[in-house]
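Enquirer: next input, structure requested:
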Amino acid sequence: MESLCIVGNGGVSTCQAFTRLDTTRVGSRPRAQLGFGCFVRERYKYGNLVIARSGRSEVGNSKDGNFAVENEKEEKRGGLILGPERDSSGSVIGFNLIPPSGDGGVLESHEDATTGGTEEADIEGAEKVQTRVTYNIVFVTSEAAPYSKTGGLGDVCGSLPIVLAARGHRVMVVSPRYLHGGLADKNFAGASELDCHIKVYCFGGEQEVAFFHEYREGVDWVFLDHPSYHRPGNPYGDSQGAFGDNQFRFALLCHAACEAPLVLPLGGYTYGEKCLFLVNDWHAGLVPVLLASKYRPYGVYKDARTILVIHNLAHQGVEPAVTYTNLGLPSEWYGALGWVFPTWARTHALDTGEAVNLLKGAIVTVDRILTVSKGYAWEITTVEGGYGLHELLSSRRSVLNGITNGIDIYEWNPSSDKHIASNYSVDDLSGKVQCKIALQKELGLPIKPDCPMIGFIGRLDYQKGIDLIRWATPELLEDDVQFVMLGSGDPLYEDWMRATESTYKDKFRGWVGFNIPISHKITAGADILLMPSRFEPCGLNQLYAMRYGTVPVVHGTGGLRDTVQAFDPYSKGGLGEGTGWIFSPLSKESMLAALRVAIMTYRDHKSSWEGIMKRGMVRDSTWENAAVQYEQVFEWAFIDPPYIN
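Expert: This is a model prediction of the structure:
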């Protein structure tokens with residue numbers, strides 16, 4: 001009987017599972033559908049996996065001698081044992097990897113480890129090891145800080161590429177070159193025009209675009225230049241609302257991003273066809289559709305992979321169905337983007353509800369899907385959080401993961417922050433009360449170092465739960481507290497902030513607008529940060545707050561639930577654990593109850609409060625931690641051939 005030899009760096013093992021087996025090497029890209037997906041996580045721990053035919057049962061005696069054991073010591077070290085898994089009839093249906101003796105038992109089954117398993121793979125436990133495989137990575141995004149930013153998307157695409165480049169990957173970021181006619185235009189001053197103009201065919205004509213480039217912190221920052229990006233406002237609209245040609249502007253971005261790795265000789269050579277596209281939100285949603293419909297049929301990008309990162313599912317790039325012909329896609333691909341609104345959402349009786357949905361097209365054609373927190377990855381598969389795409393996302397749950405965003409620990413560092421009155425650290429918290437006193441002076445509030453100060457920083461809109469704050473404020477301010485808010489958005493809430501400030505002159509301050517230095521000062525000076533968001537894909541302010549020893553009180557949703565650990569004073573023998581408070585359900589009463597417990601703890605249990613502060617300050621919120629998890633998903637993306645369904 002011929003034996004099955006499993007050869008790793010640690011040695012060789014056999015099992016009598018087959019009567020005949022041709023010599024085969026399992027390379028660095030095992031196929032998940034063959035049941036070898038679990039090798040992905042372990043192959044670097046144990047070495048390369050080799051399946052070989054042996055004419056005898058003894059280890060190392062194959063006919064050609066390719067896999068002979070060098071010496072007895074090497075044989076004793078052992079390798080991976082491949083144990084067959086059989087059904088009730090005795091037929092082999094899969095395999096389990098068994099590590100050498102002393103390594104802790106059987107590895108996870110192939111069903112749990114492959115991308116085709118029934119449960120979502122857990123990547124938060126990924127080991128923090130050096131980069132094992134490097135990739136040519138192309139971020140496609142509508143914004144990237146510091147060049148352009150309106151929220152968390154800009155932060156992610158401004159920070160994560162730098163960390164991945166530092167870990168050995170070659171990274172390009174493709175984003176529009178926005179010129180608004182204001183001070184922000186100077187952000188692009190370091191980018192030089194490349195001698196490369198291309199023509200993009202979409203929207204019934206030929207569009208000529210240019211590229212600008214800046215190499216900074218190991219990343220190729222590539223900016224697409226076209227007159228449609230040169231106008232006042234922000235990347236998406238102005239005071240009159242969203243721009244009417246946003247579909248055109250971001251379709252142009254997607255077409256150009258597909259060409260950039262092929263035509264731009266950055267650093268002397270192009271990125272080439274074998275690259276990994278990270279497409280962010282609906283603005284980049286056409287990229288995987290274009291690769292599947294216009295490039296791969298002609299042999300281009302056949303080895304490329306695409307990963308969709310969903311930062312906010314509420315925005316999907318939906319436009320009337322007649323606009324499909326403008327996108328530059330083959331007519332037979334309409335089904336990938338086709339979308340029908342439910343009856344209740346249609347505007348009139350003759351409205352058929354037919355539309356195109358760019359984010360849906362990405363979900364249908366992309367290889368893997370990521371969200372910015374593990375909790376949000378689950379929420380978008382539910383009716384409440386899926387915004388009509390929950391069934392589609394549920395069907396792709398096996399390739400859906402969540403990775404919590406990191407923060408810039410150099411910009412947000414209480415020990416070196418230049419915006420705050422006094423620096424402090426987890427070893428010396430004395431400077432925090434000085435930051436509170438300085439904030440009280442600047443805002444004209446009574447100087448009361450022992451008065452609990454609550455802060456809020458964010459958009460003034462329905463998503464952020466401002467209506468709850470509005471209705472709870474009179475009751476909250478009956479207590480001896482101070483409340484500071486910073487934000488802009490709905491004029492109704494802006495006017496409410498001004499009116500509340502005039503009513504509660506000694507307790508409330510509302511700063512309408514957004515100011516970076518003030519946001520740092522509130523984060524450092526406040527004792528409690530309130531975040532009653534209805535949904536929050538990740539959230540960054542609670543991460544900033546914990547780093548500054550400001551205790552978050554948050555609604556239990558999305559990334560807020562993932563990142564804030566509820567305080568428990570009785571755990572660990574009375575020493576306590578947790579970094580804040582989580583309230584649920586989303587109601588005024590529930591929020592007020594959590595705030596009152598936090599205020600009581602601040603006043604009456606100083607040692608417990610200090611423990612909460614310190615646990616938040618030492619929490620690992622770095623992008624390096626997130627980058628390790630992204631790399632695991634990159635490996636998974638290359639296990640199988642490009643996904644097209």
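
Enquirer: let's verify the residue nearest to residue 438 when sequence neighbours are not counted: helix, strand, or coil?
Expert: Leaving out its chain neighbours, the residue that sits closest to residue 438 by C-beta to C-beta, 6 or more residues apart in numbering is residue 421, at 3.4 Å. All C-beta spots, glycine's among them, are computed from the backbone N, C-alpha and C. What DSSP: H, G, I helix; E, B strand; the rest coil gives for residue 421 is coil.

Enquirer: kindly export stretch 577-594 (C-alpha atoms) in PDB.
Expert: Taking Å, rounded to 0.1, in the frame of the first residue of the first chain, the C-alpha atoms of stretch 577-594 are listed here in PDB:
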ATOM      1  CA  GLU A 577     -12.500  45.600  34.700                       C
ATOM      2  CA  GLY A 578     -13.900  47.500  31.800                       C
ATOM      3  CA  THR A 579     -13.300  50.800  30.000                       C
ATOM      4  CA  GLY A 580     -16.700  52.500  30.100                       C
ATOM      5  CA  TRP A 581     -20.500  52.000  30.000                       C
ATOM      6  CA  ILE A 582     -22.700  50.600  27.300                       C
ATOM      7  CA  PHE A 583     -26.400  51.200  27.400                       C
ATOM      8  CA  SER A 584     -29.200  49.500  25.600                       C
ATOM      9  CA  PRO A 585     -31.900  49.900  24.300                       C
ATOM     10  CA  LEU A 586     -31.500  53.200  22.600                       C
ATOM     11  CA  SER A 587     -33.800  55.400  24.800                       C
ATOM     12  CA  LYS A 588     -33.500  58.600  26.800                       C
ATOM     13  CA  GLU A 589     -34.100  56.700  30.100                       C
ATOM     14  CA  SER A 590     -31.500  54.100  29.300                       C
ATOM     15  CA  MET A 591     -28.900  56.700  28.400                       C
ATOM     16  CA  LEU A 592     -29.600  58.800  31.500                       C
ATOM     17  CA  ALA A 593     -29.300  55.700  33.700                       C
ATOM     18  CA  ALA A 594     -25.900  54.900  32.300                       C
END
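
Enquirer: contact partners of that stretch?
Expert: 465, 468, 471-472, 475-476, 530, 532, 534, 542, 546, 551-557, 560-561, 564-568, 571, 597-598, 612, 615-616, 619 (C-beta atoms under 8 Å, 6 or more residues apart in numbering).

Enquirer: excluding chain neighbours, what is closest to residue 429?
Expert: Per C-beta to C-beta, 6+ apart, closest to residue 429 is residue 549, 6.4 Å.

Enquirer: any idea how far residue 356 is from the spatially most central residue of the chain?
Expert: Compute the mean C-alpha point of the chain, and by C-alpha atoms, centre = their mean the closest residue is residue 372, 3.1 Å away. Separation of residue 372 from residue 356 (C-beta to C-beta, to the nearest Å): 25 Å.

Enquirer: picking up where we left off before, correct me, but the residue nearest to residue 438 touches residue 435?
Expert: Yes. Residue 421 lies in contact with residue 435 (C-beta atoms under 8 Å); the separation is 5.2 Å.

Enquirer: picking up where we left off before, would you list the phi and psi of the residue nearest to the residue nearest to the centre of the chain when sequence neighbours are not counted?
Expert: With sequence-adjacent residues excluded and distances taken as C-beta to C-beta, 6+ apart, residue 372 is closest to residue 538, at 3.7 Å. Dihedral pair for residue 538: phi -140, psi -60, per degrees, to the nearest 10.

Enquirer: before we move on, the earlier item: pLDDT score for the residue nearest to the centre of the chain?
Expert: pLDDT, residue 372: 95.

Enquirer: same check, this time on the one 4 residues further on
Expert: At residue 376, the pLDDT value in this model is 95.

Enquirer: next one: the one 4 residues further on
Expert: Note on residue 380: pLDDT of 96.

Enquirer: for it, give its distance to residue 373.
Expert: Distance from residue 380 to residue 373, by C-beta to C-beta: 11 Å.

Enquirer: now do residue 535
Expert: 11 Å.

Enquirer: what do these two both touch?
Expert: With C-beta under 8 Å, 6+ apart, residue 535 and residue 373 have common neighbours residue 558.

Enquirer: what's next to the host helix or strand of residue 392, contact-wise?
Expert: According to DSSP states H and E, residue 392 maps onto helix 390-395. The contact list for helix 390-395 (C-beta under 8 Å, 6+ apart) reads 360, 363-364, 369, 380-383, 386, 400.

Enquirer: for stretch 554-561, same thing?
Expert: 372-373, 375-376, 379, 404-405, 465, 530-539, 542, 552, 564, 580-584, 586, 591.

Enquirer: who has more neighbours, residue 421 and residue 435?
Expert: residue 435 (27 against 17; other C-beta atoms under 10 Å).

Enquirer: my read: the more buried one touches residue 525, true?
Expert: Yes. Between residue 435 and residue 525 there is a contact under C-beta under 8 Å: 4.4 Å.

Enquirer: give the residues shared as contacts by the two.
Expert: In contact with both residue 435 and residue 525: residue 420, using C-beta under 8 Å, 6+ apart.

Enquirer: can you give me the helices for the stretch 201-350 of the chain?
Expert: 246-263, 286-290, 334-337 (DSSP state H, counting those that start in this stretch).

Enquirer: residue 306: which of those helices is closest?
Expert: helix 286-290 (4.1 Å; C-beta to C-beta).

Enquirer: quick check: residue 510 vs residue 197, distance?
Expert: From residue 510 to residue 197 the distance is 49 Å (C-beta to C-beta).

Enquirer: give me the more crowded residue out of the two.
Expert: residue 510 (22 against 12).

Enquirer: apart from its chain neighbours, what residue comes closest to that one?
Expert: residue 497 is the one closest to residue 510 (C-beta to C-beta, 6+ apart), at 3.1 Å.

Enquirer: contact partners for the one you found?
Expert: 460, 485, 510, 512.

Enquirer: residue 262 now?
Expert: 270-273, 300.

Enquirer: ok, the residue nearest to residue 277 when sequence neighbours are not counted to residue 338 distance?
Expert: Among residues not flanking residue 277 along the chain, residue 306 sits closest, at 4.5 Å (C-beta to C-beta, 6+ apart). Residue 306 is 20 Å from residue 338, where distance means C-beta to C-beta.

Enquirer: these two: which is more packed in?
Expert: residue 306 (28 against 16).

Enquirer: any chance you could map the strands in the stretch 151-300 of the chain?
Expert: Taking DSSP state E, counting those that start in this stretch as the criterion, the stretch 151-300 of the chain carries its strands at 170-176, 192-202, 205-216, 219-225, 237-238, 241-242, 276-280.

Enquirer: contacting residues around the first one?
Expert: Put plainly, it is strand 170-176. Outside strand 170-176, the residues touching it (C-beta under 8 Å, 6+ apart) are 134-144, 147-148, 157, 161-162, 164-165, 218-226, 229, 235, 249, 253, 256-257, 260-261, 266, 271.

Enquirer: drop anything exposed from the residues you listed.
Expert: 135-144, 147-148, 157, 161-162, 164-165, 218-226, 229, 235, 249, 253, 256-257, 260-261, 266, 271 (16 or more other C-beta atoms under 10 Å).

Enquirer: between the helix or strand encompassing residue 632 and strand 276-280, how many degrees?
Expert: Element membership for residue 632 (DSSP H and E) is helix 623-637. Per axes from the mean of the first three to the mean of the last three C-alpha atoms, to 10 degrees, the angle that helix 623-637 makes with strand 276-280 is 120 degrees.
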